[in-house]
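Colleague: Mind looking at a prediction? Sequence and model below.
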Amino acid sequence: MDRPYFQSLMMSSPLAIPSKSPRVVAASVSPASPQILHDRLRKRDSISAIRQPKVLHPVDNEDLRLLILENISQDAVQVFQAQGFHVDHYKKALSEDELIDVISHYHAIGIRSKTKITERVIKAATKLLVIGCFCIGTNQVDLVTAGKTGIPVFNSPFSNSRSVAELVVSEMIALSRQLVERSHEMRQGIWNKQSKGCWEVRGKTLGIIGYGHIGSQLSVLAEALGMRVIFYDVINIMPLGSARQVNALPTLLAEADFVTLHVPELPETINMIGSRELAQMKMGSYLINNARGRVVDIPALIEALRSNHLAGAAIDVYPQEPGSNGAPFDDQINTWSSTLRSLPNVILTPHIGGSTEEAQRMIGEEVSLALSRYLNYGSTLGAVNFPEVDLRAITAEQGNHVRVCHVHSNQPGVLKQVNEVLSPYNVEKQYSDSKGDVAYLLADIADVSPQDVNKLREMIQHTSANILTRLLA
């Protein structure tokens, strides 16, 4: 998704959703790599460079196992392996049933857009601590159930922004010059040199729906090509360059020669471009969708193309997509697939907006860092479904410190119960925050003997609102 549009374990039995049953997890931990991907982490990382973080050891003897799917960057896999995590890496997505069969063995999972983490999967994930979405969107994960189960979800909302913006630029030029048609004819041995219906993009108007990280970068690139840029967003945003915000979607549709969407999939955005909106677009204009598959009513788009109201379209995302490379994109996937494929001057790509070496490397670095910080330190900075809580690292000099990572229901009296448990110890630092029904507490406790660790864990797990408790020691 492209913001700011709509600025918006170690258990012996399967988890019941919803459930008040406590979960307690102890995990092995090693220091995270000193990469800096978020400004909010710079201060803590600079301190860690002076005071080396303590190498934490498992409270219980079970190594962390990670399941990495959908051919996620090998750089990310190597980050995890360098920390001593056991990583199983697969190139394809797994179905819901396939995931349910194996997920109980893993403490973390990394996916892209095709793997679906449903409520059924989460119920079967009795050890799962964290989910990493190595992509922009998170609508493939049941975020509410994950949060209520104590599982934060991390993604990479901005790392592929440039790749998507450049794809849109290439699609505008390819559509306006009918490049796909000419290339297809040449491959068939047909020489068809013509200029009719072919245009320069210079001097044309680009309408951007959703002026977030992708939309704003695209705006700059388009102006460099000599295009006029207008945009529509539900919040007021300062434009870059000479771009101009319009106050209504119909205004943008009526003015733009090219309309491109960069919005998340929300109830408000599903089919936001339908028959009415397509009719409001200029005769001979072009529609580009590299956002989410359900934001455009594809049958309505097909009619607009057949009637020649639109001169062309570029589509990179679809309501239903094949689960693996080589699988057919046919009417079994979407009932209109064959019709869409038959239309002239329509560019169809297999969800490749962020599929560049640069974007995948950056996504791999960002999400692997986020997962490592959570597994190693309990930090939830950047989580999309969870309170964002962080503490500076325990240093190597603090040899008898324990970090308590306590996920609990957001209800009165919890901190009183937990602090009563911690009262015999020196609480050196503590931070708590809540998001919806879930709250998260981090606390560093000094002078905890090895004999007291299990006792401390048991007492916290038996507090009334406990969802998941980890001790990092």
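Modeller: Happy to help now that I have it. Residues are numbered from 1 along each chain as shown.
Colleague: gap between the lengthiest helix in the chain and the chain center?
Modeller: In the chain, taking DSSP state H as the definition, the longest helix is helix 357-377. Averaging C-alpha positions (C-alpha atoms, centre = their mean, to the nearest Å) puts helix 357-377 11 Å from its chain's average.
Colleague: other SSEs contacting that helix?
Modeller: Where contact means 3 or more C-beta pairs under 8 Å, 6 or more residues apart in numbering; DSSP states H and E, helix 357-377 is packed against helix 74-82, strand 108-111, strand 130-133, strand 153-154, helix 161-176. C-beta coordinates here come from the backbone N, C-alpha and C atoms, glycine included.
Colleague: Mind putting the ones you listed into TSV with mean pLDDT, distance to P387 and mean neighbour count?
Modeller: As requested, those are exported to TSV (pLDDT from 0 to 100; distance: least, C-beta to C-beta, whole Å; neighbours: other C-beta atoms under 10 Å):
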stretch	mean pLDDT	distance to P387	mean neighbour count
helix 74-82	90	24	17
strand 108-111	96	19	26
strand 130-133	97	14	27
strand 153-154	98	13	24
helix 161-176	97	26	21
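Colleague: Now render these as CSV, adding distance to R403.
Modeller: Formatted as CSV, these follow (distance: least, C-beta to C-beta, whole Å):
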stretch, distance to R403
helix 74-82, 20
strand 108-111, 18
strand 130-133, 16
strand 153-154, 19
helix 161-176, 34
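Colleague: nearest to G364, of these?
Modeller: helix 74-82 (3.5 Å; C-beta to C-beta).
Colleague: Does whatever helix or strand comes next after the closest one pack against any helices or strands, and if so which?
Modeller: Using DSSP states H and E, the helix or strand that follows helix 74-82 towards the C-terminus is strand 86-89. Helices and strands touching strand 86-89, as assessed by 3+ C-beta pairs under 8 Å, 6+ apart, comprise strand 65-68, helix 74-82.
Colleague: want to throw these into TSV with distance to I298?
Modeller: Below are these laid out as TSV (distance: least, C-beta to C-beta, whole Å):
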stretch	distance to I298
strand 65-68	32
helix 74-82	33
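Colleague: For L471, which of the helices and strands packed on helix 357-377 is the nearest?
Modeller: Here strand 130-133 is closest among those (C-beta to C-beta), at 16.3 Å.
Colleague: Now the terminal residues of stretch 232-242, how far apart.
Modeller: Start-to-end span of stretch 232-242 (C-alpha to C-alpha, to the nearest Å) is 14 Å.
Colleague: buried sites along it?
Modeller: Residues of stretch 232-242 classed as buried by neighbour count (16 or more other C-beta atoms under 10 Å): 232-234, 237, 240.
Colleague: Please identify which of the helices and strands packed on strand 86-89 is closest to A108.
Modeller: strand 65-68 (4.6 Å).
Colleague: partners of the closest one, with directions?
Modeller: strand 86-89 (parallel), strand 108-111 (parallel) (DSSP bridges).
Colleague: hmm, back to that, out of the buried residues of stretch 232-242, who's nearest V296?
Modeller: Checking those one by one against V296 (C-beta to C-beta), the nearest turns out to be Y232, at 15.2 Å.
Colleague: what pLDDT does the closest residue to that closest one other than its chain neighbours get?
Modeller: In space, and not counting its chain neighbours, Y232 is closest to L252: 4.6 Å by C-beta to C-beta, 6 or more residues apart in numbering. For L252, the pLDDT comes out at 98.
Colleague: just checking, L252 touches F231?
Modeller: Yes. Counting by C-beta atoms under 8 Å, F231 is a contact partner of L252 at 7.3 Å.
Colleague: Show me whatever sits in contact with both of the two.
Modeller: Listed as contacting both L252 and F231 by C-beta atoms under 8 Å, 6 or more residues apart in numbering are 207, 209, 246.
Colleague: Quick one: the strands in the stretch 351-473 of the chain, in order.
Modeller: Along the stretch 351-473 of the chain, the segments classed as strands by DSSP state E, counting those that start in this stretch run 402-409, 426-435, 438-446, 466-472.
Colleague: returning to what we had before: got the strands paired with strand 65-68 as CSV, with distance to S285 columns?
Modeller: Output for these, formatted as CSV (distance: least, C-beta to C-beta, whole Å):
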stretch, distance to S285
strand 86-89, 44
strand 108-111, 36
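Colleague: picking up where we left off before, pick the one among the shared contacts of L252 and F231 closest to G378.
Modeller: Of those, the one sitting nearest to G378 (C-beta to C-beta) turns out to be I209, at 38.5 Å.
Colleague: Just want the phi and psi numbers for that closest one.
Modeller: phi -100, psi 110 (degrees, to the nearest 10).
Colleague: mind listing what it touches?
Modeller: 215, 231-233, 249, 252, 259-263, 272 are the contacts of I209 under C-beta under 8 Å, 6+ apart.
Colleague: contacting residues for N345?
Modeller: So N345 contacts 175, 178, 180-181, 311-313 (C-beta under 8 Å, 6+ apart).
Colleague: cutoff 6 Å now
Modeller: By C-beta atoms under 6 Å, 6 or more residues apart in numbering, the residues touching N345 are 178, 181, 312.
Colleague: try G323
Modeller: 93, 114.
Colleague: right, and G226 touches R202 too?
Modeller: Yes. G226 lies in contact with R202 (C-beta atoms under 6 Å); the separation is 3.7 Å.
Colleague: Check what pLDDT K455 gets.
Modeller: Looking at K455, its pLDDT stands at 87.
Colleague: Please determine how far it is located from S449.
Modeller: Separation of K455 from S449 (C-beta to C-beta, to the nearest Å) stands at 10 Å.
Colleague: picking up where we left off before, can you flag the buried ones in the contacts of N345?
Modeller: 178, 181, 312.
Colleague: related to what we said a few turns ago, G326: which of the shared contacts of L252 and F231 is nearest?
Modeller: I209 (32.8 Å).
Colleague: could I get the contacts of I209 as CSV with secondary structure and distance to D444?
Modeller: Conversion of the contacts of I209 to CSV gives the following (DSSP: H, G, I helix; E, B strand; the rest coil; distance: C-beta to C-beta, whole Å):
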residue, secondary structure, distance to D444
G215, helix, 41
F231, strand, 46
Y232, strand, 47
D233, coil, 42
L249, helix, 50
L252, helix, 51
V259, strand, 52
T260, strand, 48
L261, strand, 46
H262, coil, 41
V263, coil, 41
M272, coil, 47
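Colleague: Looking at the contacts of N345, which are in helices?
Modeller: If you go by DSSP H, these have E181 in helices.
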